[in-house]
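>>> Got a predicted model here, sequence first, then my questions.
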Amino acid sequence: MALVFVLAVVAVLALLVGVHRYVWRRFVGDTTAPGSALRRAGTVAVWLLPLLSIGALVSGRAGAPFRLQQTLAWPGFLWLAALLYLTLALLVGEAVRPVLRWVLARRAADGSAVGGTGAVAGSDAADMGSSPAEATASGSPAAPATLVVEAPAPPSAATHPSRRLFVARAVGGAAAVAGLGTVGYGTYGVLRGPRVKRVTVPLAKLPRSAHGFRIAVVSDIHLGPILGRAHTQRIVDTINRTQPDLIAVVGDLVDGTVADLGPAAEPLADLTARHGAFFVTGNHEYFSGAAQWVDHVRELGLHPLENARVEMDGFDLAGVNDIAGESEGQGPDFERALGDRDRTRASVLLAHQPVVIDDAVAHGVDLQLSGHTHGGQLWPGNYLAELANPTVAGLERYGDTQLYVSRGAGAWGPPVRVGAPSDITVVQLASRQA
C-alpha cells in the first residue's frame, strides 16, 4: 500500500512538472526572446505559482497561521484552476496551429506567384526578339537583353521566423484569453453566491397534511481562507428569502478550526424556518475538528443530527455522520438513526455523501438528501465525480428510495466553478394522497 501511494505521488508530480513545462514552452519559450525581461518574468512565474499552490494545499493541514493560509490561498488555488483551463485551451490551440501556418504559407505563396509573373513575361518577350549578333549583322540596333531571374520558392510558415512567432503569439494569446476568461467567470459565479433551485419530490407515504412541506437544502459551504463571513451571510439571506419550513445543512460547512472560522459561521444564527435548521457532518468537518464544530453549530441554533432522528409532522427526519468519521469511531450508524422507526411513516435522511444510498435503501428511506460532489465543480471534473458517486447532481431513484444531490453552495480549493453552478435547493415534498 505504501509503495502504491509513493508511486501515485511520483506520477502526479511528474504530470505537474510536464504540464508546467508545456505551459512555459507555449506561453513563454515560443513567444519571447531569449534573455528578455518577459521571458525571465514568465520563467519565474512558472516556478513560483506551483509553489504557492502547494503551500495553499498543505498550510491548513500543517497548522500554519490562518493569516498565512489566507495569503497563500488566493494565488495558490486560483493558479490550479488557471493551469487546468490554460492547458485545455493550449491543447485546442494545437489543432489550430497547423491550420494557421498553412493559411500563412498559402498567402505567401500566392503573393510570390503574382510577383514572379513579370519576370516570366519579360523572358518570353526577350525570346521573341533578335539576339545581339543577329541585330548587328542586319545593321539594326541591338535590343537590350532581359535578365531572367527564377523566383525562389516561398519559405514555409514552419521555417519562417516571423511567421512562426506570429502563430505562437496568436495561439498563445487566444489560449490565455479563453483560459483566464473561464477562470474569471467561474470565480464570479462562486463569489456572487448560490442560486435557488426548486424540486418537487412525491413521497408515497407522505400524508396529505404534509403536502407542500419545503426543505431548504444547502451543502458544501466550505468556509475557509477564501470564503468567509460575507459568503455565509449571502447564503443565509438567500435561504431566508425562500421562507422554508425546514433547513438542512448537509455537511462540509468548513475547512478550518472553530478558532479561525467561528466568526465566519456566526451568520448561521440568523437562519429562520418554522421547524428549525438541522446539521449533519461532512468529511471536511473531520479534517477540522468535528466535535468542536458540532458544539459550535448547536450554539448558533442549529440542531445536529448525529446518527439520530426526530419526528416531524408527517414524516421522520434522520441524519447520519459522514463516512470520514469512521476514523474517529464516529461514522454513520443507520441502525441507531433508523432501526426502530415506524416504516409506515415517510422518512427523509440527511447524509453528506451519496455513496451511502445502499444503506438508505436497506433501511426503507424514502428520500436521501446529500451533497459532497459539487457537481464536479470544474469541468471536466464531473466525469471523475461520476466514477466515485452514484449520482453527481439532481434527483434519481434507487429502488423505493429517491436521492437528491445538491451541487453545493461554495467551492473547495479554487473558488471557481465551471459547468457546475452552486445552488441552494428548495425540496418540496408532495403527497400522493393529496
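Good, I have the coordinates.
>>> Can you pull out the low-pLDDT segments for the chain?
Low-confidence segments of the chain, defined by pLDDT under 70, are located at 1, 112-160, 434.
>>> what about the strands in it?
195-203, 214-218, 246-250, 277-280, 303-304, 308-311, 315-319, 346-350, 367-370, 394-398, 401-405, 423-431 (DSSP state E).
>>> which residues are contacting the first one?
Counting by CB atoms under 8 Å, 6 or more residues apart in numbering, the neighbours of strand 195-203 from elsewhere in the structure are 238, 241-242, 315, 346, 366-367, 395, 402, 404, 421-432. In short, each C-beta sits where N, CA and C put it, glycine included.
>>> mind running it again at 7 Å?
Here strand 195-203 makes contact (CB atoms under 7 Å, 6 or more residues apart in numbering) with 238, 242, 346, 366-367, 395, 402, 404, 421, 423-432.
>>> Nearest the middle, which residue of this structure would you pick?
For the chain, residue 378 is the residue whose C-alpha lies nearest the centre (CA atoms, centre = their mean; 1.7 Å).
>>> coming back round to it: which of the contacts of strand 195-203 are buried, as a ChimeraX select command?
Selection command for ChimeraX covering only the buried members of the contacts of strand 195-203, criterion 16 or more other CB atoms under 10 Å:
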select :238,346,366,367,402,404,423,424,425,426,427,428,429,431
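>>> which residues does the residue nearest to the centre of the chain contact?
The contact partners of residue 378, taken as CB under 7 Å, 6+ apart, are 81, 84, 416, 418.
>>> Need the nearest residue in space to the second one, chain neighbours excluded.
Counting by CB to CB, 6 or more residues apart in numbering, the nearest residue to residue 84 once its immediate chain neighbours are dropped is residue 378, at 6.4 Å.
>>> Residue 196: how many residues sit nearby?
Neighbourhood size, residue 196 [other CB atoms under 10 Å]: 13.
>>> Show me where this structure has its helices.
Taking DSSP state H, the helices of the chain run over residues 2-24, 37-59, 66-128, 132-138, 161-192, 229-241, 258-265, 290-299, 334-338, 357-362, 381-388.
>>> Figure out which of the ones you listed is closest to residue 273.
The closest of the helices of the chain to residue 273 is helix 229-241. By CB to CB, the value is 8.1 Å.
>>> For the closest one, C-alpha coordinates in PDB please.
Output of helix 229-241 as PDB, limited to C-alpha atoms (Å, rounded to 0.1, in the frame of the first residue of the first chain):
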ATOM      1  CA  ARG A 229     -18.300  35.700   6.700                       C
ATOM      2  CA  ALA A 230     -19.700  37.600   3.700                       C
ATOM      3  CA  HIS A 231     -20.100  34.200   1.900                       C
ATOM      4  CA  THR A 232     -22.100  32.900   4.900                       C
ATOM      5  CA  GLN A 233     -24.300  36.000   5.000                       C
ATOM      6  CA  ARG A 234     -25.200  35.700   1.300                       C
ATOM      7  CA  ILE A 235     -26.200  32.100   1.900                       C
ATOM      8  CA  VAL A 236     -28.300  32.900   4.900                       C
ATOM      9  CA  ASP A 237     -30.100  35.700   3.200                       C
ATOM     10  CA  THR A 238     -30.800  33.500   0.200                       C
ATOM     11  CA  ILE A 239     -32.200  30.700   2.300                       C
ATOM     12  CA  ASN A 240     -34.400  33.000   4.400                       C
ATOM     13  CA  ARG A 241     -35.900  34.600   1.300                       C
END
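>>> for residue 347, what are its contacts?
Neighbouring residues of residue 347 by CB under 7 Å, 6+ apart: 315, 316, 318, 341, 364, 365, 366.
>>> Residue 28 versus the fourth one, what's the distance?
Distance of residue 341 to residue 28, given as CB to CB, to the nearest Å: 63 Å.
>>> swap in the first one?
Here residue 315 is placed at a distance of 60 Å from residue 28 (CB to CB).
>>> Reformat the helices of the chain as TSV; add distance to residue 277.
Formatted as TSV, the helices of the chain follow (distance: least, CB to CB, whole Å):
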stretch	distance to residue 277
helix 2-24	39
helix 37-59	31
helix 66-128	26
helix 132-138	107
helix 161-192	23
helix 229-241	9
helix 258-265	12
helix 290-299	9
helix 334-338	18
helix 357-362	22
helix 381-388	27
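>>> and residue 374, which of those helices is closest to it?
helix 381-388 (7.5 Å).
>>> What residues sit buried inside the closest one?
381, 382, 385.
>>> now, among those, which is nearest to residue 283?
Out of these, the member with the shortest distance to residue 283 (by CB to CB) is residue 385, at 14.1 Å.
>>> give the contact list for that closest one.
The neighbourhood of residue 385, defined by CB under 7 Å, 6+ apart, consists of 373, 376, 392.
>>> With just CA atoms, put stretch 405-415 into PDB.
The C-alpha coordinates for stretch 405-415 follow below in PDB (Å, rounded to 0.1, in the frame of the first residue of the first chain):
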ATOM      1  CA  VAL A 405     -27.700  15.600  -4.600                       C
ATOM      2  CA  SER A 406     -27.000  19.300  -4.300                       C
ATOM      3  CA  ARG A 407     -24.100  20.900  -6.200                       C
ATOM      4  CA  GLY A 408     -23.300  22.800  -3.000                       C
ATOM      5  CA  ALA A 409     -23.200  26.500  -2.100                       C
ATOM      6  CA  GLY A 410     -19.400  27.000  -2.000                       C
ATOM      7  CA  ALA A 411     -16.200  25.600  -3.500                       C
ATOM      8  CA  TRP A 412     -13.300  23.600  -2.300                       C
ATOM      9  CA  GLY A 413      -9.800  24.600  -3.300                       C
ATOM     10  CA  PRO A 414     -10.100  27.100  -6.200                       C
ATOM     11  CA  PRO A 415     -13.000  29.400  -5.600                       C
END
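>>> what's it in contact with?
Contacts of stretch 405-415 (CB under 7 Å, 6+ apart): 77-78, 80-81, 187, 190-191, 194, 217-222, 226-227, 231, 235, 250, 255, 354, 370-371, 373-375, 377, 391-394, 417, 420-425.
>>> So among those residues, which ones count as buried?
Of those, these count as buried by 16+ other CB under 10 Å: 77-78, 80-81, 187, 190, 194, 217-222, 226-227, 231, 235, 250, 255, 354, 370-371, 373-375, 377, 391-393, 417, 420, 422-425.
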